[in-house]
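Student: Okay, predicted coordinates and the sequence, questions at the end:
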Amino acid sequence: MRLSGFLRIVAIIFTLLATWLFTHTYFQRTGKTISIRDLLDFSSKTITEKHSRNKCNNNKKCPQDFFAFKIVSGAANVVGPSICFEDSIIMSGVKNNVGRGLNIALVDGVTGVLKQHKYFDMFSGDIDIFLTFLKEIPESTLVLVASFDDPGSKLNTEARKLLTDLGSTYAENIGFRDSWVFLGAKDFQGKSPFEQFLKNKPDENKYDGWPEALEIEGCIPRKIL
């Protein structure tokens, strides 16, 4: 077996395990669990399904009681980010409701209904407004985040801790002009598998002064109370 094939198998197994951990901890307060077998069965079904357009134009169709999502970060300071949930574009440059900094959508984890969407200027904005927003996120809320231009200049220790509590692995590292996309939850215990982060490195950046745009997509379980 070639090394690339072996690494691909390892990556698939890791993704399945990470997704199982996320769904297991997300459902832990409800008593509902999802087994590794369930995830493997779902993966097999999606591979054999006839290709058709999926919600948010995702590569895979989500099963019943799962929400489809796609989050794309901004490209440099030119192309705005986008957040899609259940085939509805919540935020995008086309809708003209995104801005420099962190673009965040809050969705009810039970009903899938959009609660709020807002962008926060992390370069010149008021950090206290952002802190208040994070502290007031209700329980059972999904939090979808996309960076644009500069997501980290204003982030302080308290803000990073609140983002980490939502399930972020990289909140402690986000800095000037980094790229970041993330889906977490208010009452999530552990680390979310739905996150991508790319550091601003002048010698490695795809764009002049910015790293490349990032994208995540997938299926998140509906929380049943």
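Tutor: Noted; the coordinates are in hand.

Student: pLDDT score assigned to the closest residue to residue 187 other than its chain neighbours?
Tutor: Excluding its sequence neighbours, the residue lying closest to residue 187 (CB to CB, 6 or more residues apart in numbering) is residue 139, at 5.2 Å. Every residue, glycine included, has its C-beta placed from N, CA and C. Looking at residue 139, its pLDDT is 93.

Student: repeat for residue 190
Tutor: On pLDDT, residue 190 comes in at 89.

Student: Just to be sure, it is in a strand?
Tutor: No - secondary structure of residue 190, determined by DSSP: H, G, I helix; E, B strand; the rest coil: coil, with no strand assignment.

Student: Neighbours of it, how many?
Tutor: Neighbourhood size, residue 190 [other CB atoms under 10 Å]: 14.

Student: how about the helices in the protein?
Tutor: 3-26, 36-48, 127-135, 157-165 (DSSP state H).

Student: Kindly provide the distance from residue 195 to residue 96.
Tutor: From residue 195 across to residue 96, the span is 26 Å (CB to CB, to the nearest Å).

Student: Of the two, which one has the most company?
Tutor: residue 195 (20 against 9).

Student: Specify the beta-bridge partners of the residue lying closest to that one once chain neighbours are set aside.
Tutor: Spatial nearest neighbour of residue 195, excluding adjacent residues (CB to CB, 6+ apart): residue 182 at 4.5 Å. Beta-bridge pairing for residue 182 (DSSP bridges): residue 145, residue 195.

Student: ok, residue 182 touching residue 188?
Tutor: No - using CB atoms under 8 Å, residue 182 is not in contact with residue 188; the gap is 11.5 Å.

Student: okay, and the common contacts of the two?
Tutor: Residues touching both residue 182 and residue 188 by CB atoms under 8 Å, 6 or more residues apart in numbering: 166, 167.
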